[in-house]
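**Q** Any chance you can model this:
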Amino acid sequence: MYTGLKDKNGTQIEIGDKTRLVLPDGEVREFDVRFKTVKRVTLKTLPGF
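**A** Predicted coordinates:
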């Protein structure tokens, strides 16, 4: 299933694909592409903030 995202080469990223992120310091991080719903907590800010 297509995620609506594309990689740096313009190839569609699909659920189940493996992606790789290379950080400036040379560290490599690999990810499995999945859909996930995240519930966010509403924070109360100070008045006028």
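
**Q** Compute the number of surrounding residues for the spatially closest residue to residue 7 that is not a sequence neighbour.
**A** The shortest distance from residue 7 to any non-neighbouring residue, by CB to CB, 6 or more residues apart in numbering, is to residue 13 (5.8 Å). For every residue, glycine as well, the C-beta is placed using N, CA and C. Counted by other CB atoms under 10 Å, the residues lying close to residue 13 total 14.

**Q** Next: residue 16.
**A** Other residues within reach of residue 16, judged by other CB under 10 Å, total 9.

**Q** I'd like to know how many residues surround the residue nearest to it when sequence neighbours are not counted.
**A** Closest residue to residue 16 in three dimensions, ignoring its sequence neighbours and counting by CB to CB, 6+ apart: residue 33, at 6.4 Å. Using other CB under 10 Å, residue 33 has 14 other residues around it.

**Q** Who are the contact partners of the residue nearest to residue 7?
**A** Remark: with contacts taken as CB atoms under 8 Å, 6 or more residues apart in numbering, residue 13 is in contact with 2, 3, 5, 6, 7, 19, 33.

**Q** same thing with residue 14?
**A** Residue 14 makes contact with 1, 2, 3, 33, according to CB under 8 Å, 6+ apart.

**Q** For residue 37, see how far away the third one is.
**A** This means residue 3. Separation of residue 3 from residue 37 (CB to CB, to the nearest Å) stands at 14 Å.

**Q** quick revisit: make JSON lines out of the contacts of residue 13 and add secondary structure and distance to residue 44.
**A** As requested, the contacts of residue 13 are exported to JSON lines (DSSP: H, G, I helix; E, B strand; the rest coil; distance: CB to CB, whole Å):
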{"residue": "2", "secondary structure": "strand", "distance to residue 44": "38"}
{"residue": "3", "secondary structure": "strand", "distance to residue 44": "33"}
{"residue": "5", "secondary structure": "strand", "distance to residue 44": "33"}
{"residue": "6", "secondary structure": "strand", "distance to residue 44": "38"}
{"residue": "7", "secondary structure": "coil", "distance to residue 44": "39"}
{"residue": "19", "secondary structure": "strand", "distance to residue 44": "36"}
{"residue": "33", "secondary structure": "coil", "distance to residue 44": "34"}
